[in-house]
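> I need the structure of the sequence given here:
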Amino acid sequence: MDGVPESHAGWTFLTNHARVLAAIADNHSARIRDIAAHCRLTERAVQKIIADLEQDGYLSHTREGRTNTYRIDPGKVLRHPAEAGLTVASLMSLLVKDEAGRATTSATRGRTRPAT
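Got it, this is the predicted structure:
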């Protein structure tokens, strides 16, 4: 993916903030470039989202050499009144899958059933 990622037309169920948070939950030391590619966002958009999440206490980071390591506050309550009492940990448990699960799901999607 060079430059700006391919855009998506139409609506989606998740916000970009939720996507970025889930990508970070998958890999706490992911680079902004990798998060952007995974979420199909620009690097600048990801930087802004991370700043928003850090400003409101959902996320923090530590610098280790040239790498940022992110920490998500799992007990932080979601912002919208409709999700009153729902924590980040609850949301992430629904969104985050391990890489082996993703690879298995992706591999089986392309398979066709053998003829009988």
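> Which elements pack onto the host helix or strand of Ala25?
Here Ala25 sits within helix 16-26, counting by DSSP states H and E. Applying 3 or more Cβ pairs under 8 Å, 6 or more residues apart in numbering; DSSP states H and E, one finds that helix 16-26 makes contact with helix 32-39, helix 43-55, strand 67-72, helix 88-95. C-betas here are computed from N, CA, C, even on glycine.
> Looking at the ones you listed, which one is packed in the most?
A comparison of the helices and strands packed on helix 16-26 by mean neighbour count, using mean count of other Cβ atoms under 10 Å, puts helix 32-39 on top with a mean of 18.
> Contacts for that helix, please.
1, 5, 16, 19-20, 23-24, 27, 30, 41-43, 45-47, 50 (Cβ atoms under 8 Å, 6 or more residues apart in numbering).
> can you do 10 Å?
Identification of contacts with helix 32-39 by Cβ atoms under 10 Å, 6 or more residues apart in numbering yields 1, 4-5, 14, 16-24, 26-27, 30-31, 41-47, 49-50, 68, 70.
> Mean confidence (pLDDT) on it, please.
Across helix 32-39, pLDDT averages out at 96.
> Ala89 and Pro74 touch, don't they?
Yes: counting by Cβ atoms under 10 Å, Ala89 does reach Pro74; the two are 3.7 Å apart.
> Give me the common contacts of those two.
What both Ala89 and Pro74 touch, as defined by Cβ under 10 Å, 6+ apart, is the set Ala25.
> What ranges in this structure fall below the confidence cut-off?
1-8, 97-116 (pLDDT under 70).
> can you tell me which residues contact the nearest residue to Ala84 once chain neighbours are set aside?
For Ala84, ignoring the flanking residues on the chain, the nearest one in space by Cβ to Cβ, 6 or more residues apart in numbering is Val77 at 7.5 Å. Residues near Val77 by Cβ under 10 Å, 6+ apart: 58, 83-88, 90.
> For those, which PyMOL command selects only the ones that are buried?
The buried subset of the contacts of Val77, as determined by 16 or more other Cβ atoms under 10 Å, is captured in PyMOL by this line:
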select buried, resi 58+88
